[in-house]
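> give me a 3D structure for the following:
(2 chains)
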Amino acid sequence: MTQTDTVSSEQEDLRLLRESARTLFERAGGSGRARKLRDADGGFDPKMVRELAEAGVFGVAVPEDQGGLGMGLAAGGVIAEEAGRVIAPEPVVLTIGLSLGLLRRLCPEHPKMAQLIGGEISLAVAWQERGPGGAPANATCRYADGRLTGSKAWVVGATGSHGFLVVAKGDDGPVLVLAEADADGLVTTRRAQADGSSLGELSFSGIPAAELASGDAVQAALAEAVADATALAAAELVGLSECAFEITLDYIKTREQFDKPIGSFQVIQHRAVDLNVMCEVAQAGVREVLALMDRETDQKVRAQLASRAKARAVTTAKRITRDAVQLHGAVGYTDEFDIGLYLNRALVLSAWLGDDAYHRRIWFDAREAEGAAQ
Amino acid sequence: MTDWNATSDADFRKEVRQFFEAEYPEELRHLPHRPKFAEIEHWHRKLHAKGWVAPAWPAEYGGMGLNAAKLLIFYEEQQRWGVNRGRDMGVQMVGPLIIKFGTQEQKDYWLPRILSCEDIWCQGYSEPGAGSDLANLRTRAEIDGGEFVINGQKIWTTMAHDATHIFMLVRTDPDAPKKQQGISFLLAPMDQPGVEVRTITTLSGETEFCEVFFDNARTPSENLVGELNKGWTMAKALLSFERIFIGSPSLAQNALGQLESFARGRGAFDDPVFRDRFAQAALDVEDHAALYARFADQLKRGETLGADVSMLKIWVTECFQRITELMIEAAGPDGGTIGPLQVGNVSVDVLASFYKARPTTIYGGSNEIQRNILSKAVLGLPG
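Residues are numbered from 1 along each chain as shown, chains lettered A, B, ... in the order given. All right, here's what the predicted structure looks like:
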């Protein structure tokens, strides 16, 4: 096979994956499903998680010899974009990027791997703590003699998860431990987020937990998994932005004022074009990043690429969802119209794992460090 | 004759790069102005001897016969090294039109003269009342015996004062039902009593644009290219490749490189606000390049580009402007100073870059016109 053939067959695989993911999400009820779940209890649908698993969604980026599909982050990005389009509340990026990203690098033999890929469980990752930067480097959460003490902040997916992968300080450096959600002495405080999900604050008072890995490998795997999840969250925002734009485009074509569709007014048209161009640039940029990350092995370069993607995606999603509300006029400000769901989801996804200003800073600093090293 | 298209992309790029790096005169790299022919004649001779004057023309007419993919590489390397395009209106505009629509006699006569730059061409499209609305043009050409008699005025004619010939869109049927009809494509010599050229001084102090006045100017009737009254459709047919070329990332990439070395020398990166704005601009350029690559791949697969390619031009020209504005910001009190500013061992002409960026959102279809096109042809918005 020539190089070109390989490239185009990869492209074809991704296209088929996109098609099946889109059909799956649409059949389940599209963005209407997100509204129902939000109005119910703010969680996600475990049945949907199993359906996604049956389609191979969670294992896309896991190597084949570890029970996945081995299609890389580029495929993860396809799933994330499709999840973003219907603002699916299921832990897609969390599982593909963070939970499986950690486990496959640290303990690929662990039975939780197969359970995650199979959609039987979901695991949230507790790696940040309050303090400057929320970085785990300042971790105060301790693990000793099979017991976990301390607290963790900003835990996404705390509601509905079966357990927590916790990064803590062990006797000999960092450890990754698994705490069950129903462990005695685990207190979870939840704060509601704009999209109906919640952000967990965990506190452990000597709860039992099982060590999965220890040493510098934990830090390294965490950095890789966070980079993966950051880039995938960017892809989710790209899908979200595209759909928010399409909804808005439909709206301005049908909404009439002064006996004309408002989309016939040039000021509206030019704004729509600008949003469309932003969307296309974001899609091209983020997809390029994911493909580059699949080929890149240097952790620093991968992290910098992930920052490029998230910076672009957040800027785009913020602008598109906010302008979308404006272009909808007063109804855009009502809960009844779906466009608001997209705005709210964009707020949450933008704040998760760093917003655009944060990632531009990280990206610039990485570029300077690289320049200084040369 | 070399079949360049049979060469691998990487080898072709290497060959082009080596030629430019070895042969292009250092003092002509990244020229901030459009040169007169005399200034670049030496380089043109080298290019001509190499057979590389017309990369897009078929080999049978003396071109390189490059396909779209190779052509893109050629232009990317040209821009990367800051190789001036030279007086290429003949090669870019007239030649392809004659090749596509001209008679055998026209091909035999004009094409070699374009390649050798014996004739130097300028483009007479815009008029005072026909800018974005080009079809509104009024310059008349009437048949009188074996000649066309031309009356009217062209404007923004780039380098008309250094051209021997003009190719122009003229109105040959004022009574046509639609203004796009009744326009013809005509070639005319500049050196005659009925043609007067006046230069226009631009904001940057350059005189590359001209007004051209026609007062009973004459050109033989065999200088009509294609059918009478079919000039509009012909001229439009040429623009499809130009639309990706005009959206290429290189102008912005080069400016970003200049901005970086200048800002570093000036200590502008000590300011966190400047750092963020630089990062924004740099990422704008990188992600634009990703989108450009997507369109370029389309061309490489042999697909034709749709109207959506216009978005490249909108993004990159506005980005280019922001980058040059950041240069001025980094210059601080020197931000209004004409000429090169020396910082360490680099010298950057901040104002020249700034001025160079201004017309990019105006020419080649202003960005507002591009937005109109995208709105209708891509988004399907009404009216």
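> sec struct for A:Leu305, please.
For A:Leu305, the reduced secondary structure class is helix; criterion used: DSSP: H, G, I helix; E, B strand; the rest coil.
> that one contacts A:Arg287, doesn't it?
No. Contact criterion C-beta atoms under 8 Å: A:Leu305 and A:Arg287 do not qualify, at 11.9 Å. For the C-beta atoms, the positions are set from N, CA and C on the backbone; glycine is no exception.
> which residues are in contact with the closest residue to chain A within chain B?
With C-beta to the nearest C-beta, the shortest gap between chain B and chain A falls at B:Asp287, namely 3.2 Å. Counting by C-beta atoms under 8 Å, 6 or more residues apart in numbering or on different chains, B:Asp287 makes contact with A:Val281, A:Ala282, A:Ala284, A:Gly285, A:Glu288, A:Arg308, A:Arg312.
> which of these sits closest to B:Phe213?
Compare each of those with B:Phe213 using C-beta to C-beta and the shortest gap goes to A:Val281, at 43.5 Å.
> wait, what's in contact with the closest one?
A:Arg312, A:Thr316, B:Asp284, B:Asp287, B:His288, B:Ala290, B:Leu291, B:Met311, B:Trp315.
> ok, B:Phe278 next?
The contact partners of B:Phe278, by C-beta under 8 Å, 6+ apart, come to A:Phe364, B:Leu259, B:Glu260, B:Ala263, B:Ala268, B:Phe269, B:Leu326.
> for ChimeraX, write the select line for the buried members of those.
The buried residues among the contacts of B:Phe278 can be selected in ChimeraX (16 or more other C-beta atoms under 10 Å in any protein chain shown) with this line:
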select /A:364 /B:259,260,263,268,326
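> the contacts of B:Phe278 in helices, which ones?
With helices identified by DSSP state H, the entries of those that belong to them are A:Phe364, B:Leu259, B:Glu260, B:Ala263, B:Leu326.
> not including adjacent chain positions, what is the nearest residue to the last one?
When you say that, I think you mean B:Leu326. Nearest in space to B:Leu326, with sequence neighbours left out and distances taken as C-beta to C-beta, 6 or more residues apart in numbering or on different chains, is B:Leu259 at 5.6 Å.
> what's the strand or helix carrying A:Leu347 packed up against?
Under DSSP states H and E, the secondary-structure element containing A:Leu347 is helix A:339-351. Helix A:339-351 makes packing contacts with helix A:30-40, helix A:216-254, helix A:299-328 when contacts are defined by 3 or more C-beta pairs under 8 Å, 6 or more residues apart in numbering or on different chains; DSSP states H and E.
> does the helix or strand harbouring A:Ala74 reach chain B?
For A:Ala74, the host element (DSSP H and E) is helix A:72-85. No. Contact of helix A:72-85 with chain B (C-beta under 8 Å from any C-beta of the partner chain) is absent, the minimum separation being 13.2 Å.
> tell me the mean pLDDT over that helix?
For helix A:72-85, mean pLDDT is 98.
> how far is the next helix or strand after that helix from where the chain is centred?
Heading C-terminal from helix A:72-85, the first helix or strand you meet, by DSSP H and E, is helix A:92-93. Here helix A:92-93 shows a centroid-to-chain-centroid distance of 5 Å under the convention C-alpha atoms, centre = their mean, to the nearest Å.
> which helices and strands does helix A:92-93 pack with?
Using 3+ C-beta pairs under 8 Å, 6+ apart as the contact criterion, the elements in contact with helix A:92-93 are helix A:72-85, helix A:216-254.
> contacts only, for B:Asp349.
Going by C-beta under 8 Å, 6+ apart, B:Asp349 touches B:Pro32, B:Gly339, B:Pro340, B:Leu341.
> quick check: of the ones in helices among the contacts of B:Phe278, which lies closest to B:Ala163?
Using C-beta to C-beta, the ones in helices among the contacts of B:Phe278 come closest to B:Ala163 at B:Leu259, 34.0 Å.
> thought B:Ala331 was touching the closest one, still the case?
No. Proximity of B:Leu259 to B:Ala331 does not meet the contact threshold set by C-beta under 8 Å, at 10.5 Å.
> closest to B:Ala163 out of the helices and strands packed on helix A:92-93?
helix A:216-254 (45.3 Å).
> mind checking how far the closest one is from the chain centre?
On C-alpha atoms, centre = their mean, the centre of helix A:216-254 falls 6 Å from that of its chain.
> show me the domain layout of chain B.
B:4-86, B:121-229, B:238-378 (automatic domain parsing).
> make TSV out of these and add mean pLDDT.
Conversion of those to TSV gives the following (pLDDT from 0 to 100):
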stretch	mean pLDDT
domain B:4-86	93
domain B:121-229	96
domain B:238-378	92
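> between those domains, which one is nearest to A:Leu73?
Taking C-beta to C-beta as the criterion, A:Leu73 comes closest to domain B:238-378 out of the domains of chain B, the separation being 15.5 Å.
> which parts of chain A sit against chain B?
For chain A, the residues in contact with chain B under the definition C-beta under 8 Å from any C-beta are A:249, A:252-253, A:260-261, A:263-264, A:266, A:268-270, A:272-274, A:276-277, A:280-282, A:284-285, A:287-288, A:308, A:311-312, A:357, A:360-361, A:363-364, A:367-368.
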